[in-house]
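1. Here's a sequence, model it:
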Amino acid sequence: MASLQISSMYLSSFSFKTKHVAVSKFRPMPLLLPKMSFQETNCEENVKPKTLYDESIRNLDTPNNNNKVTTTTKFLAILELVTDRIEMHHNVGEQRDNWNILLLNSINMITLSAATMSGLAATCPGSGAPLLALKLSSTLLFCAATGLVLVMNKIQPSQLAEEQRNATRLFKCLQRKMEGTVALGSPSEEDVNDVIEKVLALDRAYPLPLLGAMLEKFPEKFEPVVWWPRPNKILQSHKGKAKREKMEEELMNGWSEELEMELREVVEVAKRKDFEDYERLGNMVLKISKSLAMLGPLLMGIATIGSVFVDNIGWWSWTYLVTLLAGSLAAVVNSFEHGCQVGMVFEMYRFCGGFFRLLEETVETTLEEKDMEKRENGEVFENMVAMQLGRSGFQLRELASKSASCRREGIAIDEFASKLF
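-> Numbering: from 1, shown residues only. Okay, here's the model as predicted:
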């Protein structure tokens, strides 16, 4: 069959090139293909497929391979859940950002409409039905605006949207790390447990529901957000009792005593300068947010009460001034609080404080591990810390040297550890 197909192809090509020649005069020569017999092949290559299949099945049935397949399946299932978390937090973040815009515009429009009606009621002649209608409409609109302001100040939609944006970014970082683990080889049971702890820590730090699980928007004091599993002190002390070797001056897995001192100095600078600065700013923004959250409903309530007593005769005629002034100020306060997204700024400071807290715990946990082979490579770890702070390795060493000299002289360092935040 193959020889017939090749012959026909050869014939068609030949007839195309010699279209002026009669086809009847052409006598195609059959192509002779060598016949391969199964017996003439090498005996060493003559292996029955059934034997190879049976051997592969037998290898898969071993307990070790079954454990690897189960662990990999668990890891991939968690990876799928992390991907779903990313989509959920992204969608919820967009929804809550829309809440902030729609509620802000709605409240301001309702407030200004109510204030306008109060002004018209004060200029309406007589005391008949038109005056009553304007007063009633103004009072109802002020009541509705007051209720919406209370709800909006309670949930802080701009802060909720920032929480979901941070959660989306952190889950994406976790997803990339998990994909890298799968690409490098089959994950272990320890990798599975570590990923589960990280996912649960992120769920605690950035909850999705509002009722019963929403983070406190007005805490007593500023506290950085914690989105990573806290180190187990018992486990760390147990590791410290293992067999240790005294670290020499030469590099061991990229580590040296000089590098450890450098990282400790950098952590001290981050604690004394960066973290304290963000803590101060966070507490300041928290106070502003609390003040605005109380001032807005207070002004709205004054405008609501004033709209009830608006009249165009007698000594009640001046109440429309209070109503208009309180309603206008309430719109201004509401626009400043939610238009400038004070809650989002507070959440940003919480995230930055958590970043420096995580950096501190990561460095301390790494340095507590006395087995050099179990640590991450020292040069890689140094570059990672430097890049997280927006510095190069040389700049990080300069910062550590400057911090050590300032500490010896008893003066405060005038430089922050991070150039990024």
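
2. Output the below-cut-off pLDDT ranges for the stretch 151-300 of the chain.
-> 231-251 (pLDDT under 70).

3. Quick one: the helices in the stretch 301-421 of the chain, in order.
-> Taking DSSP state H, counting those that start in this stretch to define them, one finds helices in the stretch 301-421 of the chain at 319-334, 342-368, 378-388, 393-409.

4. Name the residues of the shortest one that come out as buried.
-> By that I understand helix 378-388. By 16 or more other Cβ atoms under 10 Å, the buried positions in helix 378-388 come out as 378, 381-382, 385-386, 388. Quick note: C-beta positions are derived from backbone N, CA and C, even for glycine.

5. Show me what it is packed up against.
-> helix 257-269, helix 342-368, helix 393-409 (3 or more Cβ pairs under 8 Å, 6 or more residues apart in numbering; DSSP states H and E).

6. Let's have the buried residues of helix 378-388 in TSV, adding distance to Val345 and pLDDT.
-> Converted to TSV, the buried residues of helix 378-388 look like this (distance: Cβ to Cβ, whole Å; pLDDT from 0 to 100):
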residue	distance to Val345	pLDDT
Gly378	37	87
Phe381	32	91
Glu382	32	90
Val385	27	92
Ala386	28	91
Gln388	22	89
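
7. Which stretch among the helices and strands packed on helix 378-388 approaches Leu141 most closely?
-> helix 342-368 (25.2 Å; Cβ to Cβ).

8. by how many degrees do that closest one and helix 257-269 diverge?
-> Helix 342-368 runs at 160 degrees relative to helix 257-269, counting by axes from the mean of the first three to the mean of the last three Cα atoms, to 10 degrees.

9. Now do helix 342-368: which elements does it pack against?
-> With contacts taken as 3+ Cβ pairs under 8 Å, 6+ apart, helix 342-368 sits against helix 157-184, helix 233-240, helix 257-269, helix 276-308, helix 378-388.

10. Compile those into a markdown table and extend it with columns for distance to Gly93.
-> Listed next are those as a markdown table, based on distance: least, Cβ to Cβ, whole Å:
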| stretch | distance to Gly93 |
| --- | --- |
| helix 157-184 | 3 |
| helix 233-240 | 35 |
| helix 257-269 | 32 |
| helix 276-308 | 20 |
| helix 378-388 | 24 |
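
11. got a list of what the residue most central in space within the chain touches?
-> The chain has Arg169 as the residue nearest its centroid, 2.6 Å off, counting by Cα atoms, centre = their mean. Listed by Cβ atoms under 8 Å, 6 or more residues apart in numbering, Arg169 has no contact partners.

12. That one and His89: what is the separation?
-> 9 Å (Cβ to Cβ, to the nearest Å).

13. and if you look at Pro224?
-> 20 Å.

14. same thing with Pro187?
-> 24 Å.

15. Make a markdown table from the buried residues of helix 378-388 and add distance to Ile305 to it.
-> A markdown table is the format used below for these (distance: Cβ to Cβ, whole Å):
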| residue | distance to Ile305 |
| --- | --- |
| Gly378 | 68 |
| Phe381 | 63 |
| Glu382 | 64 |
| Val385 | 58 |
| Ala386 | 60 |
| Gln388 | 54 |
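
16. List just the nearest of the residues you listed to Ser158.
-> Gln388 (26.5 Å).

17. Make sure the closest one is actually in contact with Glu360.
-> No. Counting by Cβ atoms under 8 Å, Gln388 does not reach Glu360; the two are 11.8 Å apart.

18. what's the burial count for the residue nearest to Gly353 when sequence neighbours are not counted?
-> Of all residues not flanking Gly353 in the chain, Pro224 sits nearest, at 3.1 Å (Cβ to Cβ, 6 or more residues apart in numbering). The criterion is other Cβ atoms under 10 Å. On that basis, Pro224 has 19 neighbouring residues.

19. Quick check on Pro224: phi, psi?
-> phi -70, psi 150 (degrees, to the nearest 10).

20. Please verify my assumption that it contacts Glu360.
-> No. Under the criterion of Cβ under 8 Å, Pro224 is not in contact with Glu360, lying 10.6 Å apart.

21. Next, show the common contact partners of the two.
-> Contacts common to Pro224 and Glu360, judged by Cβ under 8 Å, 6+ apart, are Phe275.

22. Please tell me how far the residue nearest to Gly353 sits from Glu163.
-> To Glu163, Pro224 is 13 Å away according to Cβ to Cβ.

23. and what of Pro229?
-> Taking Cβ to Cβ, one finds Pro229 at 19 Å from Glu163.

24. neighbour-wise, which of the two wins?
-> Glu163 (27 against 15).

25. Tell me which residues touch the spatially closest residue to that one that is not a sequence neighbour, please.
-> Of all residues not flanking Glu163 in the chain, Tyr206 sits nearest, at 5.2 Å (Cβ to Cβ, 6+ apart). Each residue near Tyr206 by Cβ under 8 Å, 6+ apart is listed here: 89, 163-164, 166-167, 170, 225, 227.

26. Which pair of those residues spans the longest distance?
-> His89 and Val225 (14.3 Å).

27. hang on, the earlier thing: what are the phi and psi angles of the residue nearest to Glu163?
-> Torsion angles, degrees, to the nearest 10, at Tyr206: phi -130, psi 80.

28. swap in the one 10 residues further on?
-> Main-chain torsions, Glu216, degrees, to the nearest 10: phi -70, psi 120.

29. how close does it sit to Phe346?
-> On the measure of Cβ to Cβ, Glu216 and Phe346 end up 11 Å apart.

30. hmm, back to that, which of His89 and Val225 has more neighbours?
-> A direct count of neighbours by other Cβ under 10 Å for His89 and Val225 places His89 higher, at 23 against 19.

31. Need the single longest helix in this structure, by residues.
-> The longest helix of the chain (DSSP state H) is helix 63-123.

32. so who does the closest residue to Glu265 other than its chain neighbours touch?
-> The shortest distance from Glu265 to any non-neighbouring residue, by Cβ to Cβ, 6+ apart, is to Ala400 (3.9 Å). For Ala400, the contact set (Cβ under 8 Å, 6+ apart) comprises 261-263, 265-266.

33. got a list of what the residue nearest to Gly93 when sequence neighbours are not counted touches?
-> Counting by Cβ to Cβ, 6+ apart, Gly93 lies nearest to Gln164, which is 3.1 Å off, once chain neighbours are set aside. Gln164 sits next to 89-90, 92-93, 96, 206 when contact means Cβ under 8 Å, 6+ apart.

34. any weak-confidence spans in the stretch 301-421 of the chain?
-> In the stretch 301-421 of the chain, residues with pLDDT under 70: 312-317.
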